[in-house]
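J.: coordinates only, sequence not included:
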């Protein structure tokens with residue numbers, strides 16, 4: 001009897017940029033705990049799942065719970081590959097001073113429940129630029145010029161393609177370092193085409209809990225300012241932005257953040 005791969009998660013510690021080991025997380029499929037096959041490099045491999053919509057929860061005491069919904073393909077028709085960046089919880093062993101940000105987001109007076117949003121740390125400066133004449137929609141390889149020292153790049157990591165047309169701004173997840181031609185692989189193809197020199201800005205993906213609360217840790221900050229970018233649609237161009245002054249290497253409670261319902 002043949003065994004078919006249904007979906008693979010590559011799970012990483014977003015704060016320390018390391019792949020996770022199998023004992024570090026518990027995974028639930030449709031509310032039932034499941035033990036996937038584990039391969040070195042943080043690969044959690046699920047086989048012979050029934051086709052259709054599947055809901056996963058990745059749980060750990062030191063990370064924020066991550067939820068993933070995927071449409072599993074029919075056996076033999078291929079598999080899904082997801083790169084998951086786990087964000088620290090309050091119990092994470094930071095081992096020293098760190099900049100943390102917390103708060104509660106509401107929309108129209110109602111908790112912004114279990115929703116994704118992004119934080120742009122520091123001054124939101126560009127870290128890379130597109131280095132090809134036209135990066136076409138659908139491409140999952142992107143040639144980039146690095147605008148900062150390579151050691152400052154957070155890869156794997158999530159970035160905003162900051163197109164001059166706001167409606168075309170979008171988020172992308174770069175999964176690994178560039179090949180010899182300077183092309184970086186993306187987790188999925190771009191939704192829009194972008195011109196040469198369009199900048200990319202690093203972002204941190206966050207999510208709220210049932211009550212709209214959130215907690216995250218930021219990388220080293222050169223500035224004492226962070227931009228909180230609340231994503232309410234599918235693209236960065238439809239985001240609502242709130243900007244806050246924060247203290248580096250301290251706990252920053254932004255308290256209640258009210259956003260308007262578009």
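T.: Cool, the structure landed. Quick caveat: nothing in here was measured; it's all calculated off a predicted structure.

J.: Would you point out the helix or strand in the protein whose mean pLDDT is lowest?
T.: Least confident element among the helices and strands of the chain, by mean pLDDT, DSSP states H and E: strand 225-230 (a mean of 63).

J.: domain ranges for this protein?
T.: As assigned by automatic domain parsing, the chain contains the domains 5-86, 94-262.

J.: mind giving me TSV with those domains and columns for mean neighbour count?
T.: In this view, the C-beta of every residue, glycine as well, is placed from N, C-alpha and C. Supplementary listing: the domains of the chain in TSV, determined by neighbours: other CB atoms under 10 Å:
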stretch	mean neighbour count
domain 5-86	16
domain 94-262	16
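
J.: rank these by pLDDT, which is bottom?
T.: The minimum mean pLDDT among the domains of the chain belongs to domain 94-262 (a mean of 85).

J.: and that one, how far from the chain's centre?
T.: Averaged C-alpha coordinates place domain 94-262 at 8 Å from its chain's average position (CA atoms, centre = their mean, to the nearest Å).

J.: got it, and stretch 89-103?
T.: Averaged over its C-alpha atoms, stretch 89-103 has a centre that lies 18 Å from its chain's centre (CA atoms, centre = their mean).

J.: That one: end-to-end distance?
T.: Taking CA to CA, to the nearest Å as the measure, stretch 89-103 stretches 13 Å from start to finish.

J.: Residues in contact with that stretch: which ones?
T.: Here stretch 89-103 makes contact (CB atoms under 8 Å, 6 or more residues apart in numbering) with 15, 60-64, 88, 119, 213-218, 220-221, 226, 228, 246-257.

J.: Do a quick rundown of the strands in the stretch 151-262 of the chain.
T.: Assigned by DSSP state E, counting those that start in this stretch, the strands in the stretch 151-262 of the chain fall at 157-161, 170-174, 183-185, 194-195, 199-207, 213-218, 225-230, 240-245, 251-259.

J.: for the shortest one, packing partners?
T.: With contacts defined as 3 or more CB pairs under 8 Å, 6 or more residues apart in numbering; DSSP states H and E, strand 194-195 has these neighbours: strand 134-135.

J.: Run me through the strand neighbours of the strand it packs on, direction for each.
T.: Paired strands of strand 134-135, with direction, are strand 194-195 (antiparallel) (DSSP bridges).
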